[in-house]
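curious how this folds, go ahead:
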Amino acid sequence: MKILHTADWHIGQTFHEYDRSFEHQQFLNWLVTTIKERHIDVLLISGDVFDLSNPSAASTKMFYSFLTSAINAVPALQIVITAGNHDSASRLESPKPLLESSNIHIIGLVEKSEDGSIDYDKLIIPIKDKSGATKVWCLAVPFLRMGDYPSITDCSNPYAEGVAKFYDEVYLLAATRKQVGQHIICMGHLHTQQAEITDLDQSERLIMGGVECISATAFNQEIKYVALGHIHKAQKIGGKDHIRYSGSPIPMSFSELNYKHQVIVFDLNETGVENIDSIEVPIAVQLLRVPVKHKKLSEVLSELELLPSTGIGIESAPYLEVRVLLEGPEPGLRHKVETALIGKHIRLAKIDVKYPDSKYQNKNSEFSGEDQLQDLVPAEVFSKLYQSKYNSPVPETIQLLFNQVADEVAQIEQP
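As a prediction, this is how the structure comes out:
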């Protein structure tokens, strides 16, 4: 059987207020073609189908139109979809009864039995070959929220240990059904301990981590492939070739500009997983940083003048992050940048400002206690904040204006 693993589509995302429908549609069109050309038998989508828990009608239509196109292209295709932390589990599952007749399985919720125990049975999906015989058992585990996983008392990390126990119990149930010649694979939407992310992943598009990191040992060694979602950088985990994040198919932030955006295809035969291959996704809209490193405003404006003035369609125009090195406040910065971009085939997404390394950093960290803060007057607070942000002393004219405002406020506050 040939299986394709993908995740983290985030349909409906806006990129610095720009609509990304064109990019998502280009990816989905490419994916349908890839499924057909690569003779894919099973499609695994490991969470974050949508960017919002309440996706727009247009985003919902795009997703279900893709499912229809994929099944029309490959009628025998089996699809397993799990919910991510961005998805509404119940909303994603709502058309489940209709879709299962087309071998499309959606798992969003972790259901409980009447006695309160987890109904693992509904998370185990049989994958069949062309003759209708079950060849693979897929543990379709969605993003686990509090209350979804077993409660473990007297442990150092209830989340990590609870999730590990969840995977252990669902695997043990599937193992009781596994027969000779059958395999078990699993899906997950979580943050593993050794997943590689950058500092910008945290500042631009928050990725949950910390105590919510799960060890790769949570996945039983008999599981032949672990299809993960949540981390947008494609990678294998714990040195295991079969435990992988597929990564996001399009960059979700400028921090992902240099990521390899891909889907993963592999064969699953009698002996196990073979021929794991990553297929790079064509990027429909480029992300640009000008300049590559922060420069003075005059140099930046000169480089912006060199950007191309022609292009086909605004929807394919690159997104631009302008990187500027400033000595102090620049009130007209955006206007100057936008003026330089008039007539350019570009969409200004972000202006990233950087200031020289602060020689005042140590001085600003002299005080932190409550008593010391109470001793400060407004002018001192303003001065320290200014120095902290702009790495230079407050200009005399600005300090005089601040003092004037502070005096006016003080007079108003007097009884």
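
drop to CA atoms for contacts and neighbour counts, all remaining ones
Noted.

wait, what's in contact with the nearest residue to Asn220 once chain neighbours are set aside?
Leaving aside its sequence neighbours, Asn220 sits nearest to Asp168 (CA to CA, 6 or more residues apart in numbering; 7.0 Å). In this structure, Asp168 makes contact with Ala218, Phe219, Asn220, judged by CA atoms under 8 Å, 6 or more residues apart in numbering.

of the residues you listed, just say which sits nearest to Ser94.
Using CA to CA, the shortest approach to Ser94 within the contacts of Asp168 belongs to Phe219, at 28.9 Å.

so which helix or strand takes in Leu268?
strand 262-269 (DSSP states H and E).

name the residues that touch that strand?
With CA under 8 Å, 6+ apart as the test, strand 262-269 has contacts from 1-6, 234, 246-249, 273-281.

need the mean per-residue confidence for it.
For strand 262-269, mean pLDDT rounds to 96.

what sits against Ile71?
By CA under 8 Å, 6+ apart, the residues touching Ile71 are Leu77, Ser102.

and it, how far from Ile35?
10 Å (CA to CA, to the nearest Å).

how about Leu173?
Distance from Leu173 to Ile35, by CA to CA: 31 Å.

the more surrounded of those two?
The neighbour count for Leu173 versus Ile35, taken as other CA atoms under 10 Å, is higher for Ile35 (22 against 14).

now the helix or strand containing that one: how far from the chain's centre is it?
Using DSSP H and E, Ile35 falls within helix 21-37. Chain-centre distance of helix 21-37: 19 Å, with CA atoms, centre = their mean, to the nearest Å.

and it, what's buried?
Across helix 21-37, burial judged by 16 or more other CA atoms under 10 Å covers Ser21, Glu23, His24, Gln25, Phe27, Leu28, Leu31, Val32, Thr33, Thr34, Ile35, Lys36.

now stretch 125-145
Applying a neighbour-count criterion of 16+ other CA under 10 Å, one finds 125, 127-128, 134-144 buried in stretch 125-145.

pull the CA atoms of that stretch into PDB?
These are the backbone C-alpha positions of stretch 125-145, laid out as PDB (Å, rounded to 0.1, in the frame of the first residue of the first chain):
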ATOM      1  CA  ILE A 125      -9.600   2.600  11.700                       C
ATOM      2  CA  PRO A 126      -9.200  -0.500   9.400                       C
ATOM      3  CA  ILE A 127      -7.300   0.200   6.200                       C
ATOM      4  CA  LYS A 128      -8.100  -2.200   3.500                       C
ATOM      5  CA  ASP A 129      -6.500  -3.400   0.300                       C
ATOM      6  CA  LYS A 130      -8.100  -3.500  -3.100                       C
ATOM      7  CA  SER A 131      -9.700  -6.900  -2.400                       C
ATOM      8  CA  GLY A 132     -11.400  -5.500   0.800                       C
ATOM      9  CA  ALA A 133      -9.100  -7.300   3.200                       C
ATOM     10  CA  THR A 134      -7.800  -5.300   6.200                       C
ATOM     11  CA  LYS A 135      -4.100  -4.800   5.900                       C
ATOM     12  CA  VAL A 136      -3.400  -1.900   8.300                       C
ATOM     13  CA  TRP A 137      -4.900  -0.700  11.600                       C
ATOM     14  CA  CYS A 138      -4.600   3.100  11.900                       C
ATOM     15  CA  LEU A 139      -4.700   4.700  15.400                       C
ATOM     16  CA  ALA A 140      -6.400   8.000  14.500                       C
ATOM     17  CA  VAL A 141      -5.600  10.000  17.500                       C
ATOM     18  CA  PRO A 142      -6.600  13.700  17.400                       C
ATOM     19  CA  PHE A 143      -5.200  16.600  19.500                       C
ATOM     20  CA  LEU A 144      -5.700  15.600  23.100                       C
ATOM     21  CA  ARG A 145      -7.200  18.200  25.400                       C
END
